[in-house]
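**Student:** got a sequence here, can you build the structure:
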Amino acid sequence: MTTEKFNKPKYQQQLEWKRSLDNPEAFWLEQAKLVSWFKQPQTAFSYKDPSKKHFVDWFPDGKLNLCYNALDRHVEAGYGDQVAVIYDSPVTATKKKFTFLEFLNQVKAFSKVLKAYNVNKGDTVVIYMPMVPETMIAMLSCARIGAVHSVVFGGFAPKELSKRIDDCTPKLILTATCGIESPTKIIEYLSLVNEALSLSKYPPKHKIILQREKFYTPIDTRSGDVDWETAISVQKENPDVEIAQLNSMDTMYTLYTSGTTGAPKGVSRPAGPHAVSLIYSMRHVFGLSPGEAFFASSDFGWAVGHSLTCYGALMNRNQTVVYEGKPVGTPDPGAFFRVLEEYGVKVMFTAPTALMILRREDPKGEYRKKYDISCVRGFFVSGEKCIPEIHRWWINHTTGNYPKDPELSIQSFPEIKNISTDHWWQTESGAPITALALGYAKSPSDLPPIRFGSVGFPIAGNNLKILRSTDTDDEDNEKFGPNGPVEAQPGEIGSVVLKLPLAPGTLDTLWRNDERFYNEYFRRFPGYYATGDTGMIDKDGYVYILSRDDDVINVSAHRLSTTAIEEVVAEHPLVAECCTVGRPHEIKGQVPMVFAVLEKTNTVANQSQIASDISNSIRNRVGAIASLTPNNVVFLEKMPKTRSGKLLRKMIRNMVQKVLESKQDPNIITIDLPATLEDPSTADDVWRKVILYTSKNKL
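**Tutor:** This is a model prediction of the structure:
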């Protein structure tokens, strides 16, 4: 974005971003000094093959260990008695704090177990566990000995777990007897793991199992199963294992994300650049000083659990909250706020979906008002787009002030407190790509206004651009002019890309698949990383992420973002949540279908009138071209989501497609349901409602 199309950098964050692009060598070597290296790098980055700039080596002459950076160095510096990990589990009524020294000793103990089962540097270990301290201990123990861990979200379906096992061929599986979703909902992990192993081509010989009191299960040692505590006690008297010295570009973990072909993609995370990126993010993006408390509500199975809760927080010497619970139901919608007050949390990270759930369950903030959250400096949301109405409601929910203007000037605030901002990153990036960075602000006057709908400015190292789309259905054969892809004008919607080289900490390849790495991310736009998102940049440099590329509806040759429609729908006072997908139309190509959940407090709702209100609002705000009619508004009891709270748009879209292409039985779903679906009844509801919709509309 180094172009005259946009206004000159105004805020410190923008100036630092520009410096990172103009002189990346000096900028990133400076940031690398915050990391403890066994061998300090003298080179920021290099290319083995200059013709393949999607392969970049960051800090190629450096050697380090992330476990040492997360624990040992703080103990050596005299902070061993500082709290490092706070375990808060409302589902088991457990609260426990670990100091850096206590946690280091537990990691040392488990590292000996890994070595005893012949796990060595470069070997892989699958971790299929709940939100408990032992999961972090397992991750850090792998990092300590140089093993590559692959954390899979606990409760993933056996078929999906099996795919990941076969892709990374682990030496060992670490699991627990169960995961606990609520005081009344227990997920039996062992049966899922055993089924996955029976489906796998490369099952490991052993699995080490954490026994949980809520679901005691006898350990079958004859089959190679090992009790977690027993394994530790057997190795108790053995000497500590040596800390592995990793080259900067050695893979420290793989993390699987969905692929366009249906096969999961194993994102490979290199150690050195990840360490530099995370400390930079914790201090400058999230604005956390060492010693302060941080709380992310994400599971360890997702990127945030890796980057922030585990590695980022500990490397920055923050107290990190490991929360085994939900935003509601454990026990009520005040759960998050109780955690914030009890531990004096300075920065919280959560997903927009959690905000929508809280708005549905506690619209007037009755539970929120029970807690003092004046300790919080910043709330950061990410995971999917935070639509403006939800963002405004959340600010009102946390501060009591409802902002009505398109932007909210923080400069008028008396202090930096309860600042709520949307930001954006991906599993592949491993850290924020865009944000309004609190770490560059000493006072409110240093912070740019919040623009609702925007995810802020690009973060250092991310040369973000918007490229014009050719509207071709064949991305592999996309046509460009003689000078390659064309950059969009300010305010023009297009494909969101990152110009090479990618920022440090971004994936360096896909696990054991360099060819797929290139095809998935770089083939479409030569010289750029394709994020798969659609968005725009305004004249002041604010970035807007509108939707995934496949969430754009093409109505009579007009490209409409589903997000633009959802933003208007969410403003209806009786709508708690909504989702928009495109459905085929024989004349217009596609038209939008809106799925909506009404607020829980609303007991009597005239759905016909609400559908009409929504249709009129879309006509007035988006335009008649959107072609949303009242009969294309479908009401659900509950949105289908993953267990981490992410809305399953693709599943809804696939159901619509399947039902429209042929007559279906309302009692038998004929598409594959996502492995992460939390509540199967929500899929049944969508399926039946779509079939009912087609019969009513005679499609």
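
**Student:** how about the strands in the stretch 351-500 of the chain?
**Tutor:** According to DSSP state E, counting those that start in this stretch, the stretch 351-500 of the chain carries its strands in the segments 378-381, 407-408, 419-422, 434-435, 450-451, 457-458, 464-467, 494-499.

**Student:** Ser420 - nearest residue in space that isn't next to it in sequence?
**Tutor:** Ranked by CB to CB, 6 or more residues apart in numbering and with sequence neighbours excluded, the top spatial neighbour of Ser420 is Phe379, at 4.2 Å. Glycine gets a C-beta too; all of them are placed from N, C-alpha and C.

**Student:** quick one, grab the pLDDT at that neighbour.
**Tutor:** Predicted confidence (pLDDT) for Phe379: 98.

**Student:** also Gly259?
**Tutor:** 56.

**Student:** next one: Thr603
**Tutor:** Model confidence at Thr603, given as pLDDT, is 59.

**Student:** same deal with Trp37?
**Tutor:** 98.

**Student:** try Asp476
**Tutor:** So, for Asp476, pLDDT stands at 47.

**Student:** swap in Asn483?
**Tutor:** If you check Asn483, the pLDDT there is 69.

**Student:** the residue nearest to Ser420: how many residues sit nearby?
**Tutor:** For Phe379, the count of nearby residues is 22 (other CB atoms under 10 Å).

**Student:** same deal with Pro573?
**Tutor:** Using other CB under 10 Å, Pro573 has 9 other residues around it.

**Student:** one step back: I'd say the residue nearest to Ser420 and Ile419 touch.
**Tutor:** Yes. Counting by CB atoms under 8 Å, Phe379 touches Ile419, with 7.0 Å between them.

**Student:** the residue nearest to Ser420 bridge partners, please.
**Tutor:** Met348, Ser420 (DSSP bridges).

**Student:** contacting residues for it?
**Tutor:** By CB atoms under 8 Å, 6 or more residues apart in numbering, Phe379 lies in contact with 347-350, 394, 398, 418-421.

**Student:** what's downstream of the helix or strand bottoming out on mean pLDDT in the chain, the next helix or strand?
**Tutor:** Sorting the helices and strands of the chain by mean pLDDT, DSSP states H and E puts strand 558-561 at the bottom, at a mean of 69. Next helix or strand after strand 558-561 toward the C-terminus (DSSP states H and E): helix 562-569.

**Student:** please report how far Arg338 lies from Val345.
**Tutor:** 11 Å (CB to CB, to the nearest Å).

**Student:** and if you look at Asn120?
**Tutor:** Taken as CB to CB, the span from Asn120 to Val345 is 38 Å.

**Student:** more neighbours, these two?
**Tutor:** The residue with more neighbours, out of Asn120 and Val345, is Val345; 23 against 12, by other CB under 10 Å.

**Student:** does the more buried one really touch Val321, like I thought?
**Tutor:** Yes. Between Val345 and Val321 there is a contact under CB under 8 Å: 6.8 Å.

**Student:** so what sits against both of those two?
**Tutor:** 293-295, 339.

**Student:** so which of these comes closest to Thr563?
**Tutor:** Phe295 (27.3 Å; CB to CB).

**Student:** quick one on the thing from earlier: with respect to Glu520, which of the shared contacts of Val345 and Val321 is nearest?
**Tutor:** Among these, Phe294 lies closest to Glu520 (CB to CB), at 31.7 Å.

**Student:** pull up the pairing partners for the host helix or strand of that closest one, direction included.
**Tutor:** Here Phe294 sits within strand 293-296, counting by DSSP H and E. In the sheet, strand 293-296 lines up against strand 319-323 (parallel), strand 345-350 (parallel) (DSSP bridges).

**Student:** CA atoms only for it - export them in CSV, please.
**Tutor:** The C-alpha coordinates for strand 293-296 follow below in CSV (Å, rounded to 0.1, in the frame of the first residue of the first chain):
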residue,chain,number,x,y,z
ALA,A,293,-3.0,-10.5,32.8
PHE,A,294,-4.4,-11.6,29.4
PHE,A,295,-7.5,-13.7,28.6
ALA,A,296,-8.4,-15.2,25.2
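
**Student:** first to last residue in stretch 280-298, what's the distance?
**Tutor:** End-to-end distance of stretch 280-298 (CA to CA, to the nearest Å): 20 Å.

**Student:** that stretch: which residues count as buried?
**Tutor:** Across stretch 280-298, burial judged by 16 or more other CB atoms under 10 Å covers 280-288, 292-298.

**Student:** show me the domain layout of the chain.
**Tutor:** When the chain is parsed with automatic domain parsing, its domains come out as 12-64+255-461, 66-247, 556-696.

**Student:** make JSON lines out of these and add distance to Asp508.
**Tutor:** As requested, those are arranged in JSON lines below (distance: least, CB to CB, whole Å):
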{"stretch": "domain 12-64+255-461", "distance to Asp508": "5"}
{"stretch": "domain 66-247", "distance to Asp508": "12"}
{"stretch": "domain 556-696", "distance to Asp508": "25"}
